[in-house]
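Enquirer: Structure for the following, please:
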Amino acid sequence: MSAPDPRANPILLGHEAAEATLLEAIRAGRMHHAWLITGPEGVGKATLAFRFARRLLAGVPTGDSLAMDLSHPIFRRVAAGSHADLKTIERERNEKTGRMRTQIAVDAVRDITGFMALTPAEGGWRVVIVDGAEDLNQNSANALLKILEEPPPRAILLLVCAAPGRLLPTIRSRCRRLRLSPVPDAAMHLLLADYLPDLSEAERGRLVTIAEGCPGHALRLAGEEGLTIAALVDRLLGELPAVSPLRGYEIADVLGRSETGFSTFMDLVRAGIAAAVRDSVRGQADPEQERLVALRPLDAWGELWHGLTRLQDETERFALDKRQAIVTSVGMLTGGR
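Expert: Residues are numbered from 1 along each chain as shown. Below you'll find the model as predicted:
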């Protein structure tokens, strides 16, 4: 099975401290009007936001968790997107092109003002979740700032954001920040055993390693040939520096059959480099990581990592030739051999 949509996901592991903070805020009755929930992609930010929203809409919890039974009317209505006191703002699909927009439109944010100004339909709170707040453009960010400057009573704004540095400083300063750390390996193994029972224990273990504490990332990799591409990356890094000049073209041919192959490949190459250097500095590297790191000075690995990041970003942003970008990335890894 795959993980449910965050609004319908009853499972959240590894974020007990964040849940305790939110529970304390609910029970204290001194709720901040805006929360900024940050952390890596796929770590569980949106799942926590909807979990928090359900509890706000249902009233003060009696237990020590934000968890709610799936049969609870509030859970079912939030999952169905039909609760009158909850509104979700996120990137929408362009009706003309059929593709997802790259930004959150200003009109969507302006709708928040009217929604939050209304009296809660069920006498509790009005809750707005902005999922992917880093995708606000300048106009939508300014519109959101106006809401934060004059928050209405009995209204809560939850900003879910993987890149808080892209938000206006004035938006960040008006929110109570809650950062989610990567999920511990033990919790990751439990989640993936539940969501991916058909995979072997070794395959799930590999996903735990490359997902770096982000369950959503692990599930995306499982559904996008991530394990196959991870094996390809492992082989490439293991062959360095003795890589044939044709290797880049061979990899490009393999990845060309996958719509997400380029992004996954580049992400995993950079993650492999980062993990090897990090573990080496900490004295925790395995022999293969030590062999890899010894090929270059540490500052050269940093420059290479940033170079690969720029290459991926420019290729994706400007729709450049992914095949050529793969060939270029392999050339960068081999030092132009």
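Enquirer: Every contact and neighbour count from this point should use C-alpha atoms.
Expert: Will do.
Enquirer: So which bits of the host helix or strand of Gly331 are buried?
Expert: For Gly331, the host element (DSSP states H and E) is helix 322-334. If you call a residue buried by 16 or more other C-alpha atoms under 10 Å, then helix 322-334 has these buried ones: 322-323, 325-331, 333-334.
Enquirer: so which of these comes closest to Ala46?
Expert: Nearest to Ala46 among the buried residues of helix 322-334 is Lys322, at 30.6 Å by C-alpha to C-alpha.
Enquirer: roughly how far apart are that closest one and Cys175?
Expert: Applying C-alpha to C-alpha, to the nearest Å, the value for Lys322 to Cys175 is 39 Å.
Enquirer: do the same with Cys161
Expert: Distance from Cys161 to Cys175, by C-alpha to C-alpha: 12 Å.
Enquirer: what's the overlap in contacts for these two?
Expert: Leu36 (C-alpha atoms under 8 Å, 6 or more residues apart in numbering).
Enquirer: what about the strands in the stretch 1-150 of the chain?
Expert: 34-38, 86-89, 126-131 (DSSP state E, counting those that start in this stretch).
Enquirer: Output the first one in CSV with nothing but the alpha carbons.
Expert: Output of strand 34-38 as CSV, limited to C-alpha atoms (Å, rounded to 0.1, in the frame of the first residue of the first chain):
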residue,chain,number,x,y,z
ALA,A,34,0.0,31.4,12.9
TRP,A,35,2.3,28.4,12.9
LEU,A,36,5.2,27.8,10.5
ILE,A,37,5.8,24.1,10.2
THR,A,38,9.1,23.4,8.5
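Enquirer: Show me what that strand is packed against.
Expert: helix 45-58, strand 155-161, strand 176-179 (3 or more C-alpha pairs under 8 Å, 6 or more residues apart in numbering; DSSP states H and E).
Enquirer: that older thread, would you turn the strands of the stretch 1-150 of the chain into JSON lines with distance to Ala141 and mean pLDDT?
Expert: Formatted as JSON lines, the strands of the stretch 1-150 of the chain follow (distance: least, C-alpha to C-alpha, whole Å; pLDDT from 0 to 100):
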{"stretch": "strand 34-38", "distance to Ala141": "14", "mean pLDDT": "98"}
{"stretch": "strand 86-89", "distance to Ala141": "13", "mean pLDDT": "97"}
{"stretch": "strand 126-131", "distance to Ala141": "11", "mean pLDDT": "97"}
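Enquirer: between those strands, which gets nearest to Lys45?
Expert: Closest among the strands of the stretch 1-150 of the chain, once you apply C-alpha to C-alpha, is strand 34-38, at 6.2 Å.
Enquirer: residues in contact with that closest one?
Expert: Under C-alpha under 8 Å, 6+ apart, the answer for strand 34-38 is 45, 49, 148, 156-164, 172, 174-180.
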